[in-house]
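Q: Have a look; sequence and predicted model below, questions after that.
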Amino acid sequence: MISDPGLGTKRGALATEICVNESEIVLKPEMIDMNHAATMGVASLTVGGAFRKIELNSKDVVVISAAAGGIGSIAVQYAVAKGATVIGIASKKNSDYLKSLGAILVAYEENIQNALLSASAKPITKFLDCYGSDYVKLAFSLGLKGTAIGTLVPSPYVMIKGAQFTGPRHSTYDDFNTLAEMVSEGKVQLNIDQVYDFSLKSVREAYRSLKSGHTRGKKVVKVRG
């Protein structure tokens, strides 16, 4: 039994009590409150695993789709903290938000391919798709090889073309601690889109909002207090 507060990930965690393995949780740093800690478990494994698979490094120019979303916004900051140049695809209304995270915005309302090619003086070397749809096709159209393209959304096209379906499946336990350290040091800011109470009505509302696909940051269901 762990007596101190922790952060991690577990299927079925929307409950008052759950049982977890030691490999699914780490101690929560004191400077991170419970609401923000609740957003970090899946994100740490998803982003850490994805960037490990496509071998992100400080010399890369990486494009991230859905860059203002719950996972995308953390991926942007994670990549910036690693020294990479980041181009984020999002809505025009998220321009100031993405700039504050350290990314170059390319709005999906415009000709994305042309905008991406002119967004950076250096060539694009990596692509992380956090949305699905045709973004993997877009990545290939930029001249990237499948090994340089990661996606969190599997599809037959992804498998056939050799892009990398990635995320938690390529994570390690240390990814929990890596993101916790980045947050503690101020390198990653966790934006909470909205906090919901633990009721059927509120949880339903949270999932409906999440499904709409226009969330900025993470959603939290507060089980107690």
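A: Structure received. On a predicted model such as this, the values are computed, not experimentally measured, just so you know.
Q: For the helix or strand where S118 lies, list the C-alpha coordinates in PDB.
A: Using DSSP states H and E, S118 sits within helix 112-119. Extracted in PDB, the C-alpha atoms of helix 112-119 (Å, rounded to 0.1, in the frame of the first residue of the first chain):
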ATOM      1  CA  ILE A 112      -1.400  22.800 -44.500                       C
ATOM      2  CA  GLN A 113       1.200  21.300 -46.700                       C
ATOM      3  CA  ASN A 114       2.400  24.600 -48.100                       C
ATOM      4  CA  ALA A 115       2.300  26.200 -44.700                       C
ATOM      5  CA  LEU A 116       4.300  23.400 -43.100                       C
ATOM      6  CA  LEU A 117       7.000  23.600 -45.800                       C
ATOM      7  CA  SER A 118       7.500  27.300 -45.300                       C
ATOM      8  CA  ALA A 119       7.100  27.300 -41.500                       C
END
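Q: In that helix, which residues are buried?
A: Within helix 112-119, the residues that qualify as buried are 112, 115-116, 119, counting by 16 or more other Cβ atoms under 10 Å. C-beta here means a position set from N, CA and C on the backbone, and glycine is covered the same way.
Q: Need the three-state assignment for A13.
A: What DSSP: H, G, I helix; E, B strand; the rest coil gives for A13 is coil.
Q: any idea which residue sits dead centre in this structure?
A: Here the mean C-alpha position of the chain is nearest to the C-alpha of I71 (Cα atoms, centre = their mean), at a distance of 2.1 Å.
Q: Tally up the residues packed near the closest residue in space to that residue that isn't next to it in sequence, please.
A: Of all residues beyond its chain neighbours, the one nearest I71 is C130 (5.1 Å), with distances taken as Cβ to Cβ, 6 or more residues apart in numbering. Neighbour count for C130, taken as other Cβ atoms under 10 Å: 28.
Q: Verify the stated contact: C130 with A67.
A: Yes - counting by Cβ atoms under 8 Å, A67 is a contact partner of C130 at 7.4 Å.
Q: shared neighbours of the two, anything?
A: A75 (Cβ atoms under 8 Å, 6 or more residues apart in numbering).
Q: Across the sheet, point out what pairs with A107.
A: For A107, the beta-bridge partners are A90 (DSSP bridges).
Q: please renumber so the chain begins at 31
A: Got it, first residue is 31 now, which makes that one A137.
Q: same question for the strand or helix carrying V225, mean pLDDT?
A: In this structure, V225 sits in strand 222-227 according to DSSP H and E. Strand 222-227 carries an average pLDDT of 90.
Q: cool, stretch 100-110 as well?
A: pLDDT averaged over stretch 100-110 gives 96.
Q: Keeping just the C-alphas, turn that stretch into PDB.
A: What follows is stretch 100-110, C-alpha atoms only, in PDB (Å, rounded to 0.1, in the frame of the first residue of the first chain):
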ATOM      1  CA  GLY A 100      -4.700  17.300 -24.100                       C
ATOM      2  CA  ILE A 101      -1.800  15.100 -25.400                       C
ATOM      3  CA  GLY A 102      -0.700  17.400 -28.200                       C
ATOM      4  CA  SER A 103       0.000  20.400 -25.900                       C
ATOM      5  CA  ILE A 104       2.100  18.300 -23.600                       C
ATOM      6  CA  ALA A 105       4.000  16.800 -26.600                       C
ATOM      7  CA  VAL A 106       4.700  20.300 -27.900                       C
ATOM      8  CA  GLN A 107       6.300  21.300 -24.600                       C
ATOM      9  CA  TYR A 108       8.100  18.000 -24.200                       C
ATOM     10  CA  ALA A 109       9.700  18.400 -27.600                       C
ATOM     11  CA  VAL A 110      10.600  22.000 -27.000                       C
END
